[in-house]
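Novice: Need the 3D shape of this:
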Amino acid sequence: MELSGNGPGLITFAVPEESRPFLRAWGRATASKPTRCGPSCWRFPGLEVLVTGMGTRNAQRGIETFLRDRHPRWVITAGFAGGLDPGCAHGTVGLSSDPDFIDPGVSNGLGLMPMTFHESLRVIPTPQAKAELRRRSGCQAVDMESATIRRACHDLRIPSATIRVISDDAGEALPLDFGALMGPDDRMDWTRFALTLLGSPSLIPELIRFQRRLSKCSEGLAKGLVAIAQHLRTAPVPAAH
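Specialist: You can find the predicted model right below:
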């Protein structure tokens, strides 16, 4: 069964920093401006963009609230992912898709790497922790929201995919254990973050370098997402099984 070609697609991100390059790129590609339709949701003709917040709880709350009122034609969960497979360098854009949703010929032509993603309840900050998770899960990358969002889509037979860029590779430690700086609501505790930097100012240059890399990664992700979203505007999309 094919879904209606008139319904909008949906792309989700965890945090605004992941979404902004795509919002700019999609606006340029389609000569359109987004309409804000909620505190964390934007609407273009034929496409909506939702920022759910970090972690499984925020992702579940965000997607369930969205799906109460809307039934998107398809959903892509996007953003950063940590590398578990040493063959996945930072900047690599990976794809995991429902069968028959995104044409492999199209994704391969765009340089998207088929990738398996593990759902984690916490940030994986060190090479040792990544290696252990790789051994246990067999997955190539890790993120905190995709599986939760896609389960909600599967329940409603909405085809979905994960498209994420590797922000830190398997052999790399994060400059900070960001998970330890998050509050009970899975949001960054900025007071704790500031106190950490005050206590270790040598971390600041490393964080600046990491932020610059994230900006480049998100630009590469946006380029791939724009190409896929343009393809999906006209492609027949099968319902999820």
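
Novice: where does this structure have low pLDDT?
Specialist: Flagging of the chain using pLDDT under 70 yields the residue ranges 1-6, 181, 189, 238-241.

Novice: Enumerate the strands of it by residue range, in sequence order.
Specialist: Remark: strands assigned in the chain by DSSP state E are 9-13, 35-38, 41-44, 47-51, 74-83, 93-97, 113-114, 117-119, 141-143, 160-168.

Novice: Using JSON lines, lay out those together with mean neighbour count and distance to residue 199.
Specialist: Bear in mind the C-beta positions are built from the backbone N, C-alpha and C, glycine included. Putting the strands of the chain into JSON lines (neighbours: other C-beta atoms under 10 Å; distance: least, C-beta to C-beta, whole Å) gives the following:
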{"stretch": "strand 9-13", "mean neighbour count": "26", "distance to residue 199": "31"}
{"stretch": "strand 35-38", "mean neighbour count": "12", "distance to residue 199": "37"}
{"stretch": "strand 41-44", "mean neighbour count": "19", "distance to residue 199": "37"}
{"stretch": "strand 47-51", "mean neighbour count": "22", "distance to residue 199": "30"}
{"stretch": "strand 74-83", "mean neighbour count": "27", "distance to residue 199": "25"}
{"stretch": "strand 93-97", "mean neighbour count": "22", "distance to residue 199": "35"}
{"stretch": "strand 113-114", "mean neighbour count": "14", "distance to residue 199": "39"}
{"stretch": "strand 117-119", "mean neighbour count": "21", "distance to residue 199": "32"}
{"stretch": "strand 141-143", "mean neighbour count": "27", "distance to residue 199": "28"}
{"stretch": "strand 160-168", "mean neighbour count": "25", "distance to residue 199": "23"}
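
Novice: Same list, those, but as a markdown table with distance to residue 103 please.
Specialist: A markdown table is the format used below for these (distance: least, C-beta to C-beta, whole Å):
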| stretch | distance to residue 103 |
| --- | --- |
| strand 9-13 | 15 |
| strand 35-38 | 30 |
| strand 41-44 | 22 |
| strand 47-51 | 19 |
| strand 74-83 | 13 |
| strand 93-97 | 9 |
| strand 113-114 | 13 |
| strand 117-119 | 20 |
| strand 141-143 | 22 |
| strand 160-168 | 11 |
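
Novice: who's sitting farthest from the centroid in this structure?
Specialist: residue 199 (31.4 Å; C-alpha atoms, centre = their mean).

Novice: What's the separation between that residue and residue 192?
Specialist: Using C-beta to C-beta, to the nearest Å, residue 199 is found at 11 Å from residue 192.

Novice: One more: residue 25?
Specialist: 33 Å.

Novice: ditto for residue 43
Specialist: For residue 43, the distance to residue 192 - C-beta to C-beta - is 35 Å.

Novice: more crowded one of residue 25 and residue 192?
Specialist: Shown here are residue 25 and residue 192; by other C-beta atoms under 10 Å, residue 25 has more neighbours (19 against 12).

Novice: Hmm, that one is touching residue 223, no?
Specialist: Yes - with contact defined as C-beta atoms under 8 Å, residue 25 reaches residue 223; the gap is 6.8 Å.
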